[in-house]
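Undergrad: My questions concern the predicted model and sequence given below.
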Amino acid sequence: MLYPIPNFILLHGVGDIIYNSMMIKEKLQLIEKTFGTEDRWYYDAGYQKYVEIILKRCTFQHLQTQLYANYMRQLVHRILIPGSSAGILLSALFYLCMTMNQSNAVILRSSGVVFMTVYFVLHYSYIGQKLQDESELLYQELCKCPWYLWDESNKKMYLMFLIFAKTPLIFKSINLMLNYTLIVSLARSVMSLLTAIRKLTS
């Protein structure tokens, strides 16, 4: 099981990053929603100034989000492997309790621990996948922007933003990634361990 404080920090931090990505996406959508895509805006100084302000705010917010994400990556790197290993060992312990004819109280407590482990794995996998999806949606929204209506200064700023946002946010530690692939990886590890235990006890 994960310790309560890192657990809370990770859930809260990833939620903040997801929310920031959604906010940036909404701000970018405002450009087209407010002005449309008419060619005349290319020569409008007010429009270009508005785009400049939006791009600067979005770029700054995205930079702050990336810095925050780097801190969260360090936290994930420290707790993902120990937490996953604990979950695998608890699943093996539950199997042993079931096969060694333990009392109902022991089996019930073991079932509760395994249930909480499965819950945390599913929950973390979901928020990790949500983070990856939102970062990819942000990049897609950037690609949809009417950049052809912007002046050279805004295009340069847009291009830099596009480069920085291209890589999706994925938290990982060694070969484990915090998304739906975590479920598959842990399931394989549990099945491998249970197979080894069965061979040793048979």
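TA: It's in.

Undergrad: Tell me where the protein has strands.
TA: Along the chain, the segments classed as strands by DSSP state E run 172-173, 176-177.

Undergrad: CSV for the ones you listed, including mean pLDDT?
TA: Converted to CSV, those look like this (pLDDT from 0 to 100):
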stretch, mean pLDDT
strand 172-173, 78
strand 176-177, 80
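
Undergrad: Identify the residue nearest I197 in space, chain neighbours excluded?
TA: A92 (6.2 Å; Cβ to Cβ, 6 or more residues apart in numbering). Every residue, glycine included, has its C-beta placed from N, CA and C.

Undergrad: hang on, isn't that neighbour packed against L194?
TA: Yes. At 6.4 Å, A92 counts as touching L194 under the criterion of Cβ atoms under 8 Å.

Undergrad: in this structure, which spans are helices?
TA: 4-35, 45-99, 104-144, 152-165, 181-201 (DSSP state H).

Undergrad: Of all these, which one is nearest S173?
TA: helix 45-99 (3.9 Å; Cβ to Cβ).

Undergrad: Kindly provide the distance from the residue nearest to I197 to T195.
TA: Distance of A92 to T195, computed by Cβ to Cβ, to the nearest Å: 11 Å.

Undergrad: Among those two, which residue is more densely surrounded?
TA: A92 (16 against 10; other Cβ atoms under 10 Å).

Undergrad: For that one, give me its contacts.
TA: Residues near A92 by Cβ atoms under 8 Å, 6 or more residues apart in numbering: V190, L193, L194, I197.

Undergrad: Tell me, what's the model's pLDDT at the first one?
TA: The pLDDT attached to V190 in the predicted structure is 76.

Undergrad: Number of residues surrounding it?
TA: Neighbours around V190, by other Cβ under 10 Å: 18.

Undergrad: I figured it was touching S91, is that so?
TA: Yes. Counting by Cβ under 8 Å, V190 touches S91, with 4.7 Å between them.

Undergrad: Kindly export stretch 133-149 (C-alpha atoms) in CSV.
TA: C-alpha atoms of stretch 133-149 as CSV (Å, rounded to 0.1, in the frame of the first residue of the first chain):
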residue,chain,number,x,y,z
ASP,A,133,-5.2,11.8,-22.9
GLU,A,134,-5.6,15.4,-21.9
SER,A,135,-2.1,16.2,-22.9
GLU,A,136,-2.7,14.6,-26.3
LEU,A,137,-6.0,16.5,-26.7
LEU,A,138,-4.2,19.8,-25.9
TYR,A,139,-1.7,19.1,-28.7
GLN,A,140,-4.6,18.3,-31.1
GLU,A,141,-6.3,21.5,-30.1
LEU,A,142,-3.1,23.4,-30.9
CYS,A,143,-3.0,21.8,-34.3
LYS,A,144,-6.6,23.0,-35.0
CYS,A,145,-5.7,26.7,-34.2
PRO,A,146,-6.2,29.1,-37.1
TRP,A,147,-2.5,29.9,-37.2
TYR,A,148,-2.6,30.9,-40.9
LEU,A,149,-4.4,34.1,-39.7
